[in-house]
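Asks: Kindly generate the corresponding structure for this input.
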Amino acid sequence: MTYLGKLAIIDSGGDFALGGKIKRRMGLEERVARIEGILEQMNERFNHLESRIRALEDRINALDARINALSDKLDSHFRWTVALFVTMWVTVIAAVLFK
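Replies: Here you go, the predicted model:
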C-alpha cells in the first residue's frame with residue numbers, strides 16, 4: 001500500500017482508496033461506454049433544444065404575420081381618415097368661397 005496524501009493505492013490491480021472508500025479504476029471499455037452514454041444524453045438534450053427553438057421560430061413567424069396584417073389594416077384606416085379630412089376641407093372651403 002502506497003500513500004499519496006489522502007489517496008492510497010491498495011494494490012497493483014488498479015484499486016485505490018480516497019477518503020477511506022475503496023474505488024476501482026474503470027477499464028478503457030467502461031470509460032468509453034460511459035462517455036458514449038453521456039454523449040447520447042447530450043444529443044437528446046440538443047434535439048430537445050432544437051425542437052423548442054423551432055417552436056419559437058414558428059411562434060415568431062406567426063406574430064410577424066399578425067403584425068403585418070395589423071399594419072396593413074392601420075394603413076387602410078389612415079388612408080380613409082386622410083380622404084375624409086380632405087373631403088371635409090374641400091367642402092368647407094367650397095362653402096366659404098361660394099357663399
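Asks: rest of the way, CA atoms for contacts and neighbours
Replies: Fine.
Asks: got the residue ranges for the helices in this structure?
Replies: Assigned by DSSP state H, the chain shows helices spanning 28-97.
Asks: pLDDT weak spots in this structure?
Replies: 1-25 (pLDDT under 70).
Asks: Spatially central residue for it, please.
Replies: Against the mean C-alpha coordinate of the chain, by CA atoms, centre = their mean, the closest residue is residue 53 at 4.7 Å.
Asks: And that one, how far from residue 77?
Replies: In this structure, residue 53 and residue 77 are 36 Å apart, going by CA to CA, to the nearest Å.
Asks: Burial check on residue 34, number of neighbours?
Replies: When neighbours are defined as other CA atoms under 10 Å, residue 34 has 13 of them.
Asks: residues touching it, list them.
Replies: With contact set as CA atoms under 8 Å, 6 or more residues apart in numbering, residue 34 has no partners.
Asks: Which residues are in contact with residue 64?
Replies: Contacts of residue 64 by CA under 8 Å, 6+ apart: none found.
Asks: can you do 10 Å?
Replies: 58, 70 (CA atoms under 10 Å, 6 or more residues apart in numbering).
Asks: Same check on residue 58?
Replies: Residue 58 makes contact with 52, 64, according to CA under 10 Å, 6+ apart.
Asks: Then residue 33?
Replies: 27, 39.
Asks: Could you do residue 69 as well?
Replies: 63, 75.
Asks: got it, and the one 3 residues further on?
Replies: When contacts are counted by CA under 10 Å, 6+ apart, residue 72 is found next to 66, 78.
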